[in-house]
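> Structure for this input, please:
(2 chains)
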Amino acid sequence: MVEVKLPAALASECGGERRLAVDLPPEATLGEVLDAVEAAHPRLARRLRDESGRLRRYVNVYIGEEESRRLQGLATPVEGREVQILPSIAGG
Amino acid sequence: MAYLVLIGTRKGFFTATSDDRAAWVLKGPHGLDPDGFTAVAEIYAAAADPATGQILVAADSPHFGTSVWRSDDLAATWHEPDRAPMAFPQDLPYRPLDFSDTAGLDQPESDQANTVKRVWQLAFGPQEGRVWAGVEPTSLWRSDDGGRTFAFNRSLWDHPQHTTWASGGGGPAVHTIVTDPDEPAHVMIAMSSGGIYETRDDGDTWTGVTKGITVDYGPDPEPESGHCIHKVARTADGTWLAQSHGPVWRTARPGTGWTNVSGTLPSEFGFAVVAHPTAPGTAMVWPVQAAMDRFPPDRRISAWRTGDGGGTWAPWGTGLPTEPYFGNVMRDGACTDGAADPGWYFGTRCGDVWAAGDAEGRWHQVAAHLPDVLCVRAIEVP
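Residues are numbered from 1 along each chain as shown, chains lettered A, B, ... in the order given. So this is what the prediction gives:
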């Protein structure tokens, strides 16, 4: 089971829940986690990735305490760590 | 009757209502989504269907991407489809249209993909459920279910002149769509940069119709395509007017050639052109001093009107500020409400919006101090 933590700005996409439990083995990659999120919550998923599957520029996804782009991106094995989605610092 | 104005800004979507086009009640920014992140989204496109009252708004969130929201109760509640209303086919070869994308060719191949960056235009067609969308990167999309889902128009994407399309300062996009109530399969579009194209077979084939329009931003003064067109409108008698990155042009039939009709305007440059819904040859423009001096002429905001298809222009309407003013009207920052005695509306990059009844001829302030206004649409409501 992989736990995905959502920002408040997207909570309504999951009925107000800030945490999603995704039924995947610990060795699943971040991409597989987001695929599973897409199957259950398509509108939430497209806030996070564009139609090509890339993470949106101002969406940061942390695996444990590391931002996924500093790891292997979507190919990063989650290895049981919490996945946390945070809007990046942007805007004026 | 009352009037409803839709105002899209750089940061959020606003509405205003009035019974007389003089006293206005402003609301917003509206959070179209339940969590409210769209309250700070960029709103380049909105549309209202006078036949049904249906409203569509495209919101571009810098964080969470682009989507299209629908209201069936005059902007009281909003709905968004679960699936992305438009998404590029992922087997489509990548086409860089933006200079930054061209630079991005150095990126790994896996990072190159066609993705919807912004919706610039939403236009209801005469067919039931028909909505056209102009999108960045330069593409056209068609909905037959009232804007819930959009199909990618492959014919325009594959047009042989696509190699001449590029990014203007605002981004490479189809930003103008003019439908034809008398000939439903006829649609005119414009893009920056690219040109003006029309279809007479409901989007199966497209023909460039920019003949006669000259440019001063390329080595060829009259290129076949690659023009920076800012907006196109058709007046009630069928005369077409085009505001380019340069003069205003006129033609009776776009394929036969355009003529410069800027002679009596205070300057050639501008963005918006709006046609009167019923008066022949009647339209309005909001001049900008020059491409390299992008302020209103004499630093005063003004609307200029023609009643003879661009043959002559004159300033129109009282009530606008007389002190120096530095905000321009962008390409979708003006409209009419389509009423029998129509109202004219425009908003500026200073965040001001004005409205004027055609018969009264006086501008009344709808809103002030908003974020810069990108699009304005209005309809008559019960």
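
> check contacts around residue 73.
Picking chain A for this. Neighbouring residues of residue A:73 by CB atoms under 8 Å, 6 or more residues apart in numbering or on different chains: A:30, A:55. Using the backbone N, CA and C atoms, a C-beta is placed for each residue, glycine as well.

> which phi and psi does it have?
Main-chain dihedrals, residue A:73, degrees, to the nearest 10: phi 60, psi -140.

> and the gap between residue B:207 and chain A?
Separation of residue B:207 from chain A (CB to the nearest CB, to the nearest Å) stands at 29 Å.

> tell me the mean pLDDT for stretch B:139-150?
Average pLDDT, stretch B:139-150: 97.

> so, in contact with chain A or not, it?
No. Stretch B:139-150 stays clear of chain A (CB under 8 Å from any CB of the partner chain), getting no nearer than 12.2 Å.

> and the helix ranked longest in chain A, what does it pack onto?
As assigned by DSSP state H, the longest helix anywhere in chain A is helix A:30-40. When contacts are defined as 3 or more CB pairs under 8 Å, 6 or more residues apart in numbering or on different chains; DSSP states H and E, helix A:30-40 packs onto strand A:2-5, strand A:19-22, helix A:42-48.

> Format the CA atom coordinates belonging to it as PDB.
Extracted as PDB, the C-alpha positions of helix A:30-40 are listed here (Å, rounded to 0.1, in the frame of the first residue of the first chain):
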ATOM      1  CA  LEU A  30       6.000   6.900  -8.900                       C
ATOM      2  CA  GLY A  31       4.600   6.600 -12.400                       C
ATOM      3  CA  GLU A  32       2.700   3.500 -11.500                       C
ATOM      4  CA  VAL A  33       1.300   5.200  -8.400                       C
ATOM      5  CA  LEU A  34       0.100   8.200 -10.500                       C
ATOM      6  CA  ASP A  35      -1.400   5.800 -13.000                       C
ATOM      7  CA  ALA A  36      -3.400   4.200 -10.200                       C
ATOM      8  CA  VAL A  37      -4.500   7.600  -9.000                       C
ATOM      9  CA  GLU A  38      -5.600   8.400 -12.600                       C
ATOM     10  CA  ALA A  39      -7.700   5.300 -12.800                       C
ATOM     11  CA  ALA A  40      -9.700   6.200  -9.600                       C
END
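
> any idea how far residue B:47 is from the residue positioned nearest the centre of chain B?
Among the residues of chain B, the one closest to the centroid is residue B:332, at 3.6 Å (CA atoms, centre = their mean). Noted for residue B:332: a distance of 10 Å to residue B:47, by CB to CB, to the nearest Å.

> Check residue B:292 too.
Relative to residue B:47, residue B:292 is positioned 33 Å away (CB to CB).

> Please say which of these two ends up with more neighbours.
Per other CB atoms under 10 Å in any protein chain shown, whichever of residue B:292 and residue B:47 has more neighbours is residue B:47, with 23 against 6.

> mind checking the backbone torsions on that one?
Residue torsions, per degrees, to the nearest 10, at residue B:47 are phi -150, psi 150.

> Which helix or strand lies directly C-terminal to the lowest-mean-pLDDT helix or strand in chain B?
Within chain B, no helix or strand scores below helix B:99-103, which has a mean of 49 by mean pLDDT, DSSP states H and E. The C-terminal neighbour of helix B:99-103 among helices and strands, as given by DSSP states H and E, is strand B:118-124.

> how far off strand B:118-124 does whatever helix or strand comes next after that following strand point, in degrees?
Once the chain leaves strand B:118-124, the next helix or strand it forms, by DSSP H and E, is strand B:131-136. Relative orientation of strand B:131-136 and strand B:118-124, computed by axes from the mean of the first three to the mean of the last three CA atoms, to 10 degrees: 160 degrees.

> how far is the helix or strand following strand B:131-136 from where the chain is centred?
Scanning forward in sequence from strand B:131-136 by DSSP H and E, the next helix or strand is strand B:139-143. Computed by CA atoms, centre = their mean, to the nearest Å, the chain-centroid distance of strand B:139-143 equals 15 Å.

> and strand B:139-143, what other elements does it pack with?
Secondary-structure packing of strand B:139-143 (3+ CB pairs under 8 Å, 6+ apart): strand B:131-136, strand B:151-152, helix B:154-157, strand B:173-179.

> can you redo these as JSON lines with mean neighbour count and distance to chain A?
Listed next are the helices and strands packed on strand B:139-143 as JSON lines, based on neighbours: other CB atoms under 10 Å in any protein chain shown; distance: least, CB to the nearest CB, whole Å:
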{"stretch": "strand B:131-136", "mean neighbour count": "26", "distance to chain A": "12"}
{"stretch": "strand B:151-152", "mean neighbour count": "16", "distance to chain A": "11"}
{"stretch": "helix B:154-157", "mean neighbour count": "16", "distance to chain A": "15"}
{"stretch": "strand B:173-179", "mean neighbour count": "25", "distance to chain A": "17"}
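
> Can you check which of the ones you listed gets nearest to residue B:283?
strand B:173-179 (12.5 Å; CB to CB).

> mind listing what the helix or strand that that closest one is followed by pairs with, with the direction of each?
Scanning forward in sequence from strand B:173-179 by DSSP H and E, the next helix or strand is strand B:187-192. Strand B:187-192 sits in its sheet next to strand B:173-179 (antiparallel), strand B:195-199 (antiparallel), going by DSSP bridges.

> tell me the angle strand B:187-192 makes with strand B:139-143.
Here strand B:187-192 runs at an angle of 150 degrees relative to strand B:139-143 (the same axes, to 10 degrees).

> Could you list the contact residues of chain B toward chain A?
Chain B comes close to chain A at residues B:33-37, B:40, B:61-65, B:67, B:80-84, B:87-88, B:90, B:111, B:113-116, as judged by CB under 8 Å from any CB.

> cutoff 6 Å now
B:34-35, B:37, B:62-65, B:82-84, B:87-88, B:113, B:115 (CB under 6 Å from any CB of the partner chain).

> which one of those sits closest to residue B:212?
Nearest member of the residues of chain B next to chain A to residue B:212, counting by CB to CB, is residue B:88, at 33.6 Å.

> which residues touch the residue nearest to the closest one when sequence neighbours are not counted?
Closest residue to residue B:88 apart from its sequence neighbours, by CB to CB, 6 or more residues apart in numbering or on different chains: residue B:114 at 4.1 Å. Contact partners of residue B:114, counting by CB atoms under 6 Å, 6 or more residues apart in numbering or on different chains, are B:88, B:92, B:94.

> So how do I select the buried members of the residues you listed in PyMOL?
Command for PyMOL that selects the buried part of the contacts of residue B:114, burial taken from 16 or more other CB atoms under 10 Å in any protein chain shown:
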select buried, chain B and resi 88
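
> ok, so of the contacts of residue B:114, who is nearest chain A?
When these are ranked by distance to chain A (CB to the nearest CB), residue B:88 comes first, at 5.7 Å.

> The residue nearest to the centre of chain B touches residue B:375, doesn't it?
Yes. Between residue B:332 and residue B:375 there is a contact at 3.9 Å, judged by CB atoms under 6 Å.

> is residue B:362 in a bridge, and if so with what?
residue B:318.
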